[in-house]
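Chemist: next come a sequence and a model predicted from it.
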Amino acid sequence: MVAEALDIARETYLAILLDRAYGGAVLMGSPMGGVDIEEVAEKHPDQIFTVGLFYLIIIKIRFILKSSQQLIQ
C-alpha cells in the first residue's frame, strides 16, 4: 500500500540523549528541524534547547506532591 505524499509544513527535532557534560539523560530539541541537527548546532546554537531529565522528573514530583497536599486539605 502506498500513501499519498504530503507537504511538510514544519520540521522540529526532539531527542532523549546521554550527555557527558550534564552527567545523564537530557531532552534536546530544536524548532529548526532535525535532518541536519549538527549543522543547526554549528550555525544556530541558540536554536538548540537542552533540559536535564532529572530536572523534569523533580518538577513532576513537586507537582504531584503539591496536588496531593491540596487533596488532603
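Modeler: Perfect, thanks for sending it.

Chemist: please make it C-alpha for all contacts and neighbour counts, starting now.
Modeler: Fine.

Chemist: export the longest helix seen in the chain to CSV, keeping only CA atoms.
Modeler: As assigned by DSSP state H, the longest helix anywhere in the chain is helix 53-72. Taking Å, rounded to 0.1, in the frame of the first residue of the first chain, the C-alpha atoms of helix 53-72 are listed here in CSV:
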residue,chain,number,x,y,z
LEU,A,53,15.6,14.8,32.5
PHE,A,54,16.4,14.6,36.2
TYR,A,55,15.3,18.3,36.4
LEU,A,56,12.0,17.4,34.7
ILE,A,57,11.4,14.5,37.0
ILE,A,58,11.9,16.7,40.0
ILE,A,59,9.4,19.2,38.6
LYS,A,60,6.8,16.4,38.1
ILE,A,61,7.4,15.1,41.6
ARG,A,62,6.9,18.5,43.1
PHE,A,63,3.7,18.9,41.1
ILE,A,64,2.3,15.5,42.3
LEU,A,65,3.2,16.3,45.9
LYS,A,66,1.6,19.7,45.8
SER,A,67,-1.5,18.3,44.2
SER,A,68,-1.8,15.5,46.8
GLN,A,69,-1.4,18.1,49.6
GLN,A,70,-4.3,20.0,48.2
LEU,A,71,-6.4,16.8,48.1
ILE,A,72,-5.7,16.1,51.7
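
Chemist: low-confidence regions, the chain specifically.
Modeler: 68-73 (pLDDT under 70).

Chemist: before we move on, back to that, ok, residues contacting the longest helix of the chain?
Modeler: Contacts of helix 53-72 with the rest of the structure, by CA atoms under 8 Å, 6 or more residues apart in numbering, involve 24-27.

Chemist: give the contact list for the residue nearest to L18 when sequence neighbours are not counted.
Modeler: The spatial neighbour of L18 that comes closest, neighbours along the chain excluded (CA to CA, 6 or more residues apart in numbering), is A25 at 4.4 Å. Counting by CA under 8 Å, 6+ apart, A25 touches 16-19, 52-54.

Chemist: fine by me, thanks again.
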